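J.: coordinates only, sequence not included:
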């Protein structure tokens, strides 16, 4: 009996050690999303550039697109933005969700750094981000022409990420 009591802390330690060791090999950019293969959440929000224009999930349907969650307070978003501009120039359809941000700052950003977004959704309160399970910015969702979420990428989309992880998935949806 005493031996079993002495082994209990060792067994607990080994269990925790195995759990932590496994975590060393996980990719933080691959956060699971319960929304994969589900419709984009319902919403009705203003446009960043035109407060009179309301945008809803229905506006996202028709063509496959990247839906990029960004903010002016996000340092990584600034690094990502030139790549998004290049992709938009190449014909990649991108919609933006300005997440928990000051709208005047967002308008200034899009004016200064160019606007790659076909639709620019204003999510000042973060309600759409919450519905999407957003952890922070930048995060990007790949949706099909029916508005179904097919993939989620967490982190900066640079040229390597686009080439190695997202381009083929996007093209596959375009070819459907």
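T.: Received the coordinates, thanks. Predicted, not measured: the structure shown is a model, and the values here were computed from it.
J.: give the contact list for the nearest residue to residue 58 once chain neighbours are set aside.
T.: Here the nearest residue to residue 58 in space, its sequence neighbours aside, is residue 147; by C-beta to C-beta, 6 or more residues apart in numbering that works out to 7.7 Å. Backbone N, C-alpha and C define where each C-beta goes, glycine included. By C-beta atoms under 8 Å, 6 or more residues apart in numbering, the contact list for residue 147 reads 39-40, 57-58, 60-61.
J.: Relative to residue 90, how far out is residue 147?
T.: Relative to residue 90, residue 147 is positioned 23 Å away (C-beta to C-beta, to the nearest Å).
J.: next one: residue 143
T.: 18 Å.
J.: residue contacts, the residue lying closest to residue 101 once chain neighbours are set aside?
T.: Spatial nearest neighbour of residue 101, excluding adjacent residues (C-beta to C-beta, 6+ apart): residue 71 at 4.4 Å. By C-beta under 8 Å, 6+ apart, the contact set of residue 71 is 77, 98-101, 106, 137.
J.: I figured residue 65 hits residue 93, correct?
T.: Yes - if you go by C-beta atoms under 8 Å, residue 65 and residue 93 touch, sitting 4.1 Å apart.
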